[in-house]
Every structure is written in structure tokens, then in C-alpha cells.
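1. Based on what follows, work out the 3D shape:
(chains A and B)
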2 protein chains.
Amino acid sequence: MTLILSNEDVEKVLTMPDCMEVLEDAYVELSEGRGLNRVRSDCLAPSGQAEALYSLKSMDGVIPKLGVGAVRIDSDIVTWPKLGNTMRRVKVPAAPNRRYVGLVLLFSSANGEPLAILPDGVLQRMRVGAANGLAIKYLARKDARAVGILGSGWQAGAQLMAACAARGIEQIRCFSPNPEHCKAFASDMTTALGVEIEPVAQPEDAIAGADIVICASNSIDNIFFERWIEPGVHLSSIKLPEIETAAMRRADRLVIHTHDASPIHVVAKDIAVPEKGRNKGWDLGAGLDFRKTPTLPDVITGRAPGRQSEQEVTCFINNLGMGYQFAAAGAVVYRKAKEAGLGHHLPTDWFTQDVHP
Amino acid sequence: MTLILSNEDVEKVLTMPDCMEVLEDAYVELSEGRGLNRVRSDCLAPSGQAEALYSLKSMDGVIPKLGVGAVRIDSDIVTWPKLGNTMRRVKVPAAPNRRYVGLVLLFSSANGEPLAILPDGVLQRMRVGAANGLAIKYLARKDARAVGILGSGWQAGAQLMAACAARGIEQIRCFSPNPEHCKAFASDMTTALGVEIEPVAQPEDAIAGADIVICASNSIDNIFFERWIEPGVHLSSIKLPEIETAAMRRADRLVIHTHDASPIHVVAKDIAVPEKGRNKGWDLGAGLDFRKTPTLPDVITGRAPGRQSEQEVTCFINNLGMGYQFAAAGAVVYRKAKEAGLGHHLPTDWFTQDVHP
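-> Take a look at the predicted model:
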């Protein structure tokens, strides 16, 4: 049978510690050349609606050790509204019933069969959280207790789950440009994590005295600046533009997620993609060359050093996601969902064929 | 509802003339920069079985004019056995019930929704056939009547359907290294096409006097040689190595399928991929540079000339498939399958989500 799972199914079975554990092992496989990642590709075309584009994104990964391959696909209607001075990439829930479209297809690398089809939403935040959580494990001070987080959205929640899984976090301060949302987020996550989260009015209030500063926004402009750095802090970012380049340069240890960092862009003629909406790849300027920057798998396998002293400033940039992460987290979800009897069970024959394609 | 279609459903609704018509239009869109193709990627990893590899292949395309995006995925167990002196890439039906795994996911580019999920087998041969059929339409002599075909497999059938759709074919001779298979193929296709197909004992017997020579094998070695060329012939190939490089050089008009011809290869460490199993990309040697060779879309839009005289030798190499073709053919299949009420209808909510991924 091929399983059709929902985000609710994924939430039931995938814990952050499980997700971090499987990813940690998977990153070793990747670093050793036994696991495979195919870099993300984005096709951008007119959607037929003004100011909105159609984006078809895909990325693949294979982990022979776990016996899986995965393809993650996003089929999005995308806009770039401005919120204050900050430009944001916003997906529009344009599918029937006002829904988003993101899927993970999980295959067996032992016999090719389609094991499961599931939405990518929960997996997406869990694997981003787990990657930044592993960076905290390897880079933040062992005694880190205080977190300052910029952002109060869907990703921010997983970032806090991961920080709490990696360190004994006792204090969290949260800033978001939307105070209402920030308050609700703080209240919900306080309940979920059992750690008091304080909403604050300015980013500086969240950051001052934090051992770990987490950027978890959907901004495509800088939201953390060099002048805010304190000795011994660990900086964590879920996407490239959040942390000012000068702040990255200032870090004693700068680590990125992956060298597979130049997505394939296929863009239709005569459509306007906001310049800042394009991924910059390696071109950071200011002498920063990500090709020479160690990756999280390098640090996990010991090829690159982690934190060397209490005073060091460490910085992890989750510069680009990997299809590979969906294979890792998907493998856990599939195993546990199957054990728990979750999801719709469809005949595998519906998704296979008797002709040599 | 999201449609789950079978190869039988696709066969019911997709005719070769329909497939050629939609592709002809789609190639114009592509050539004008309005349609998008994301080049194929192949991940190759151990399958856990000796002499067999796991291959996860994907390719994407978007055609705003038709309102669709498509992702085609193959999740294969692959071997490279030798048949005589010829090495072949052979997929093993390792999935449950001895089946192959190839899927096309079709999305709406207007609202992102998943329209259909279907196997790629029938679409795959139809779109290959249609591409080579369009090349016959634009390059073969208008009065072409005799076809010689090398190969009697799954692809060969679609090639003959396409040749018959493009020209008034009256005579077909077929050679295959497997005489039994060749006989059965000739008999079946004679019935299907209403044109007498004669199985012959040697490749030269199929080729002599043919107006159109079709190579439709799964060989990764040359099967057609320069010495066999006759004036005025149109040569057609479904993959790069079939036609000897010297024969391509000899052609007055050489046309390829696409300049997106360097698949992304991600290969696990320490696995043996037969050298000839790797796609060569541009590196043909002997002064042939495919980057400067016109493509089928160039010929269809008139950017590159088609046949200029009765005596010219023309040659079309379907050097690499495109995800884009699955979007085009898939759009027709979806529309007609929906009209005909075919397939399993699943709630679209199963393949969408209410969280911003």
C-alpha cells in the first residue's frame, strides 16, 4: 500500500528530537558521499493573475542507509508585498478551499516503490528547525540558557522546539513586527514548550543578553545587524538575507547548511521577479565566499571545528534547504505512521506500472 | 478532485495526432521563452542489491498558455547487462507485483492545485514519438513513403505511430536483434497502423531504400552508421548514442531536441556507473558541438531552416527528454480524462494543506 498522510499525521509521529537524530545521522551520510542531494530548482512563470507568479519548485534526495529517496515539490502562487520597509515573499493559498500546495513523495531505494505521499508543511518546519537545532548543538555554548528570537511565524515555533531540544533553555524573548501575532505566539509556545516566552517591543529587547539569537522571519532584507553582537553569542538564521553580511564576517565560526547553494532558476521571459526575491547563491560581497565556508555536515563529522571557547561568536546560516532533509525526516514519519496505522492506504499499483517507462 | 490515472486511461484519451499538436504549440511557447523546462536530474545510489543501482530521476516543466506545470519522477532499479556486444541500460520491475515506478504530477499554474497523478509509461513513449514525429513533419521529404526501423520495443511502436501521423507511410521494414520479438512487433503494429510491417534479418535490409530511418533502441552503443546513408533520407534517433557521430556530421541538416542537454548527475561515492551509461552532454568529439546545433523548437518557429531539397540528408537526434513535454501531453490527458470521467477521484485536500509551507 502507498500511504497518503496529512500534516496532522506527521505532527502525531514526528518529534523534534527524532527529527534531529535522523538528520544528524543523515548529514554524516551526505558528508561521506553516501547520501545524495539534488539542488533545488525554481521555475517562475505568469500565473495569469496580476502581481502573482506561479512557482514550481522541486528538490530530491536519496539516503541508501535509510532505504529512501524523496522528491519535494511546491506548486505555489507567490507575491512580494512590502510590510513597512521590508519586502516579503508570500505564498497565496490559491488552491481549492484556500489551501497551499507542497508535497513530498517518498520512495524505497531498495525496490523503487512509492511508499508515501504527504504534504510538506510540517516536515518543512521540522527539518529547518532540526538543522538549526543541530547547529546549536555543535556551535552554541553548552550552558546556553537564554534565547532571543526575531519572528513569530510557523518557522519560529520549530526553531524554539529545536533550541530547547539542544540546550537547557530557561528564558525566551520574542520580537515580531506584528505585536498581536507575537503575543499569541508567545502564549501558545509557552504552553507547548513549558518555557516562559516573553513578547518584547523591539528587536534589541529580544537580543540583549541572549546566548542564542534566532532569526526566523520570512524577510528578504536584513533583520539582525553587526552592532547587536555580544561575546559568546550563537547566531542562527533560517535564510540568507536575515543576518547582515558584516555580522557574518564578525563571527569567529561561520557555518552554512550546504554548498549546494545555487538553485536552478528557470524564469519566463518578460516577468518581473523582484531582484531581492532571487536567491543570491554565492555572491554575498564583502569578501564572504560561501564556497570556502564549512557546512553543518562538516562540523558534525568533525571535518570543521565547532566552538573553541566561551567567548567565540558562532553563526549558522541555513542558506538553502535540501531535498535530502525530506528523505531523512520522511523515513522516520513513514516508519512511525505505518506502525501507528495512520493515513489513507491506497493500492501501490495505482502509483506503479507494468510497462518499462 | 485530484485524478489518479492509469496507463490504460492515458491510452484511451491520448492519440498521437493530439500529442503532436499540443507539443508543436508547446515548443513554440518554449522557444519564445514563455514556457519553462527544468533540465533532468539523476541521483544514482546503491540499491542494496549487487549489480543494481537505485536511480531517482526528475524533471519539471511549466506551460502558462496551457495552465499547467508538471513534475516527472522515475524511481528505478537499474542494471547494465550486455546483449551481444551492446551494453544496455535496463530497468528492473522491482516494485511490488513486479512493477516499474514512474509518475507524472500535474499542477495548475493558475492556482497551484494538484490536478492529476499518473504513471509516465504511456506518456513517455507518446511524447518521444511526438517529438520525433514533429521532426519528420519538418525535416523528412514530403513524399516519404518507406520507413526502416531499428528496434521493436515499446518506444518503436510510438515512433511508427508518429511517422504515420506525419507522412503517408506505405511501407515499413523492421530489424531487431531479437527476431522473435521483431516478428511479434511487426504483426501487432501492422494491425494497429493498417500498414504492412515486414520483419527483416539484418539492419541493412530495413534501411536500404527507406525515406525515413528510425532508430528506436535502448542501446547505448551506435546502431546506425555513416556508410548506410542514402541521399534524401531522414534519420531519426530517440537517444544520443544510436547514430554514429560521423553520420550526424554527414547530414546536411542536423537538429537536436534541446539545448538543456546536460542532466544534473548526483552519484554516490564508490559505486560503479558504467562509463557509457552516463550521458555525454555536449562532448561528442569529432567537431560536433550541440550548443550550436539548432533545436526542434527552432525549426518549428522558423528560426532554423528545415529541409531545403529532395537530396538533403536530414537528421534529428532526440538528445534528451524534457519535463516540459509531460506538461504538454499531460494537459491534454487531464482535459480529456476529466471529460470522460476516467480515473480515481480523490479529494484535492489530501494533496494540499492549510499551512504556509
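
2. what about A:Ser55, which SS state?
-> Secondary structure, DSSP: H, G, I helix; E, B strand; the rest coil: A:Ser55 is strand.

3. Check whether it really touches A:Asp74, as I assumed.
-> Yes. Contact criterion Cβ atoms under 8 Å: A:Ser55 and A:Asp74 qualify, at 6.9 Å. For every residue, glycine as well, the C-beta is placed using N, CA and C.

4. ok, the residue of the stretch 151-300 of chain A found nearest chain B to B:Tyr54 distance?
-> Per Cβ to the nearest Cβ, A:Lys269 is where the stretch 151-300 of chain A lies closest to chain B, at 3.1 Å. A:Lys269 sits 37 Å away from B:Tyr54, going by Cβ to Cβ, to the nearest Å.

5. Sketch out the low-pLDDT regions of chain A for me.
-> The model of chain A has pLDDT under 70 over residues A:86, A:274-287.

6. Check it and tell me which residue is nearest its centre.
-> Note on chain A: the residue nearest the mean C-alpha position is A:Val128, at 2.5 Å, using Cα atoms, centre = their mean.

7. separation between that one and chain B?
-> Applying Cβ to the nearest Cβ, to the nearest Å, the value for A:Val128 to chain B is 11 Å.

8. what's the helix or strand for that residue?
-> helix A:121-139 (DSSP states H and E).

9. what are the ranges of the helices in chain A?
-> A:7-13, A:16-31, A:121-139, A:154-166, A:179-193, A:203-207, A:245-250, A:296-301, A:323-340 (DSSP state H).

10. Would you check that A:Ala261 makes contact with A:Met322?
-> No. Counting by Cβ under 8 Å, A:Ala261 sits too far from A:Met322 to count as a contact (9.9 Å).

11. Look at the two and report which has more neighbours.
-> Between A:Ala261 and A:Met322, counted using other Cβ atoms under 10 Å in any protein chain shown, the more crowded position is A:Met322 (27 against 22).

12. what about A:Glu11, distance to chain B?
-> Using Cβ to the nearest Cβ, A:Glu11 is found at 10 Å from chain B.

13. What count of nearby residues applies to that residue?
-> Using other Cβ under 10 Å: A:Glu11 sits among 14 other residues.

14. Surely it touches A:Val122?
-> Yes. Applying Cβ under 8 Å, one finds A:Glu11 in contact with A:Val122, separated by 5.3 Å.

15. got the contact list for A:Ser47?
-> Neighbouring residues of A:Ser47 by Cβ atoms under 8 Å, 6 or more residues apart in numbering or on different chains: A:Leu53, A:Tyr54, A:Ile77, A:Ala94, B:Pro64, B:Ser109, B:Ala110, B:Asn111.

16. Quick check: bridge partners of the residue nearest to it when sequence neighbours are not counted?
-> For A:Ser47, ignoring the flanking residues on the chain, the nearest one in space by Cβ to Cβ, 6 or more residues apart in numbering or on different chains is A:Tyr54 at 4.2 Å. Residues in a beta bridge with A:Tyr54, per DSSP bridges, are A:Ala45, A:Ile77.

17. Wait, A:Tyr54 touches B:Gly67, no?
-> No. Using Cβ under 8 Å, A:Tyr54 is not in contact with B:Gly67, being 9.3 Å away.

18. Distance-wise, check A:Glu11 relative to A:Ala70.
-> Look at A:Glu11 and A:Ala70: by Cβ to Cβ, they are 18 Å apart.

19. My guess is A:Ser262 contacts A:Ser41. True?
-> No. Counting by Cβ under 8 Å, A:Ser262 stays clear of A:Ser41, with 10.5 Å between them.

20. between the two, which one's more packed in?
-> Neighbour comparison, A:Ser262 and A:Ser41: the larger count goes to A:Ser41, with 24 against 15 (by other Cβ under 10 Å).

21. How about that one, nearest residue that isn't a chain neighbour?
-> Spatial nearest neighbour of A:Ser41, excluding adjacent residues (Cβ to Cβ, 6+ apart): A:Ile264 at 3.8 Å.

22. Quick one: neighbours of the one you found, just the number.
-> Using other Cβ under 10 Å, A:Ile264 has 18 other residues around it.

23. and it, what does it touch?
-> A:Val39, A:Arg40, A:Ser41, A:Asp42, B:Arg38, B:Val39, B:Ile264 are the contacts of A:Ile264 under Cβ under 8 Å, 6+ apart.

24. next one: A:Leu83
-> A:Pro177.

25. so it bridges to which residues?
-> With DSSP bridges as the rule, A:Leu83 is bridged to A:Thr86.

26. So A:Pro231 sits against A:Ser309, correct?
-> No. Judged on Cβ under 8 Å, A:Pro231 makes no contact with A:Ser309 at a distance of 9.7 Å.

27. Near chain B, which residues of the stretch 201-350 of chain A are found?
-> By Cβ under 8 Å from any Cβ of the partner chain, the residues of the stretch 201-350 of chain A that approach chain B are A:Ile264, A:Val266, A:Val267, A:Ala268, A:Lys269, A:Asp270, A:His344, A:Leu346, A:Thr348, A:Asp349, A:Trp350.

28. can I assume the fifth one is in contact with B:Leu36?
-> Looking back up the chat, that one is A:Lys269. No. Between A:Lys269 and B:Leu36 there is no contact, the gap being 9.6 Å when judged by Cβ under 8 Å.

29. re earlier: return every residue with contacts to both of A:Ser262 and A:Ser41.
-> Residues touching both A:Ser262 and A:Ser41 (Cβ under 8 Å, 6+ apart): none.

30. How many residues are close by A:Arg307?
-> 19.

31. Phi, psi for it please.
-> Backbone torsions of A:Arg307, given as degrees, to the nearest 10, read phi -60, psi 140.

32. Please verify my assumption that it contacts A:Val233.
-> No. Checked against Cβ under 8 Å, the pair A:Arg307 and A:Val233 is beyond contact range at 11.0 Å.
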